[in-house]
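In: build me a model:
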Amino acid sequence: DDTADTAIKEVRRLVGQLDADVMIGPLSGDESIAVANYAKQHRTKTFVDGAAGAQDTTLKVRAPNFFRFNGDGAQWNAGLGDLAYNKLKWKTAAVVADDYSFAWTSAAGFVAEFCAVGGEVDSVVAVFIPPLNTTDYSSYAQQMPTNVDGTFVAVGGAGLIPFLKAYEQAHGPINGKKFIGNLFWGTPGQFEQLGPRVAGAYIGGAGTAGDLDTPAAQDYATNIIGKWFTKFPPGGDAAAQAASTFTYGYYVNAWGLMKGLEEVKGDLSGGQKKLQEALGKVVLPAPYGEIKLDENRQAVFTVYDQQLYMKDGKLAVKTVTSIPDVDQTFGGAFSADTPPPDRENPKCEKGSPPRMPHLAHSGRKVKSVESVGDEISPPPGVTLTSGSPDRACRDTDTPQSAPTPFDHEPVHIADPGPRLPGSGRSGRAGRTG
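Out: Next up is the predicted model:
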């Protein structure tokens, strides 16, 4: 039972009855909004997110004792709207999303950006919202328009494959270049089930890139996740799932909490005010790029957009671009005063690209799958040295790639290699964690 009511019942048990000092979680959107509201009324306790990506959790609730070191669903899709309009030449789009806060947020990122860069305001988006936990998508698939240039899909979990099958039954074979998906399309241990039907589709992520061949990224996959865990069912090998939002979200949030506790030497006196102040200042030299918090205690981080493609007869994922310093507001598109993402919002409104500063770095840089390695915009503080599939250059002290579902040559970025918690070792000298 993953409802908000169940989450709050458990939080009350842990905090109210068992007197827990800090809480980490939850995993999903509606529950995180409920927990953030609970935190706002219990300010002598500290709450850190797990992997939940609803926008309201931090942008609207703004509990001073709730911290989120992972992104929200809109942030994770930064660059996709621009990519659809400027690379794929979509002028119109349909959007289908599950009927709950995370999927609304996920769709909001695509809609706001796609419209801002030039989509047709009057007819650009037709939104279809199946109820959460729908198993039969046939009626929704039949309603989906085919006279649009493309479709953005924010149907997740167990519903994604049934939706795609229903769409095929209603409209024939899927053309991957006419679909863009959110993080569920590339989650390690899950995306392989989508099959060749979606090859060519561009997808969002979770601030992760499983094919990033930096010492920090490889150390995290091999010497932390791969060291302490063997398998994450049902997806299989744990190291191959290091880039999953569920793995990475809990990892960075727990790490952020550890850093805050270390800063105050475990002092929880004074209603935990010292800990909460320290947490707001934590900067993580994380495996996929630096993570810092904004004034609402929400992560600002590097976003990676990816593409599905066929490799040796199997569906694979490769990173095609990175966008540094993506914040929750999209340069002002979202704020405490804008309507929260829901069935009707955000509205499709044109705006100049400077309205969203990250567009200067976004998907319009992407070329073909074959030449993608040279097109990646590196995160702040790192230098792109190689990674194109036709290059073999590597720094001599770069570790071998961890086992992952990413079949192409790993993207390689020269990185100082921060020390990561749990690895028992550090990368190259120069940064500490």
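
In: adjacent strands (with direction) for the helix or strand where residue 95 lies?
Out: Here residue 95 sits within strand 93-97, counting by DSSP states H and E. When pairs are called by DSSP bridges, strand 93-97 turns out to pair with strand 125-128 (parallel), strand 150-154 (parallel).

In: least reliable of the ones you listed by average pLDDT, please.
Out: Comparing mean pLDDT across the strands paired with strand 93-97, the weakest is strand 125-128, with a mean of 55.

In: packing partners for the longest helix along the chain?
Out: If each helix of the chain is counted by residues according to DSSP state H, the longest one is helix 245-263. The contact analysis (3 or more CB pairs under 8 Å, 6 or more residues apart in numbering; DSSP states H and E) places helix 245-263 against strand 22-24, strand 46-48, strand 66-67, helix 273-280. In short, each C-beta sits where N, CA and C put it, glycine included.

In: looking at the ones you listed, spot the one closest to residue 223.
Out: The minimum distance between residue 223 and those falls on strand 22-24, with 22.2 Å, by CB to CB.

In: wait, a strand at residue 307?
Out: Yes. The assignment for residue 307 is a strand, going by DSSP: H, G, I helix; E, B strand; the rest coil.

In: need the three-state assignment for residue 299.
Out: strand.

In: hey, what's it bridged with?
Out: In this entry, residue 299 is beta-bridged to residue 293, by DSSP bridges.

In: can you list the buried residues in stretch 147-155?
Out: Across stretch 147-155, burial judged by 16 or more other CB atoms under 10 Å covers 148-155.

In: residues in contact with it: which ones?
Out: With CB atoms under 8 Å, 6 or more residues apart in numbering as the test, stretch 147-155 has contacts from 73, 80, 84, 88-98, 103, 106-107, 110-111, 114, 126, 130, 137, 144, 160, 163, 177-182, 184-185.

In: please check the residues you listed and keep the buried ones.
Out: 73, 80, 84, 88, 90-98, 103, 106-107, 110-111, 114, 126, 130, 137, 144, 160, 163, 178-182, 184-185.

In: and the residues you listed, which of them are in helices?
Out: Counting by DSSP H, those contribute 73, 80, 84, 103, 106-107, 110-111, 114, 160, 163 to helices.

In: beyond the host helix or strand of residue 218, next helix or strand please.
Out: Assigned by DSSP H and E, residue 218 falls within helix 215-219. As assigned by DSSP H and E, the chain's next helix or strand after helix 215-219 is helix 226-228.

In: buried stuff in that next one?
Out: residue 226.

In: and it, what's its mean pLDDT?
Out: Averaged over helix 226-228, pLDDT sits at 93.

In: from the chain's centre, how far out does that helix sit?
Out: Its chain's C-alpha centre and that of helix 226-228 lie 23 Å apart, by CA atoms, centre = their mean, to the nearest Å.

In: just use 180 as the starting number from now, easier for me
Out: Will do, 180 is the new start, and the previous item becomes helix 405-407.

In: beyond it, next helix or strand please.
Out: Note on helix 405-407: by DSSP H and E, the next helix or strand toward the C-terminus is strand 410-411.

In: need the residues that contact that next one.
Out: Here strand 410-411 has contacts from 368, 416-417, 420, 423, 426, using CB under 8 Å, 6+ apart.

In: recalculate using a threshold of 10 Å.
Out: 367-368, 404, 416-421, 423, 425-426 (CB atoms under 10 Å, 6 or more residues apart in numbering).

In: how far away is residue 474 from residue 224?
Out: 21 Å (CB to CB, to the nearest Å).

In: buried residues, stretch 438-448. List them.
Out: Going by neighbour count (16+ other CB under 10 Å), the buried part of stretch 438-448 is 438-440, 442-443, 447.

In: for stretch 374-385, measure first residue to last.
Out: 21 Å (CA to CA, to the nearest Å).

In: what do you get for stretch 198-210?
Out: 20 Å.

In: spit out the contact partners of residue 235.
Out: Taking CB under 10 Å, 6+ apart as the test, what residue 235 contacts is 208-209, 211-212, 215-216, 241, 251, 280, 283-284, 515, 519-521.

In: lovely, talk soon.
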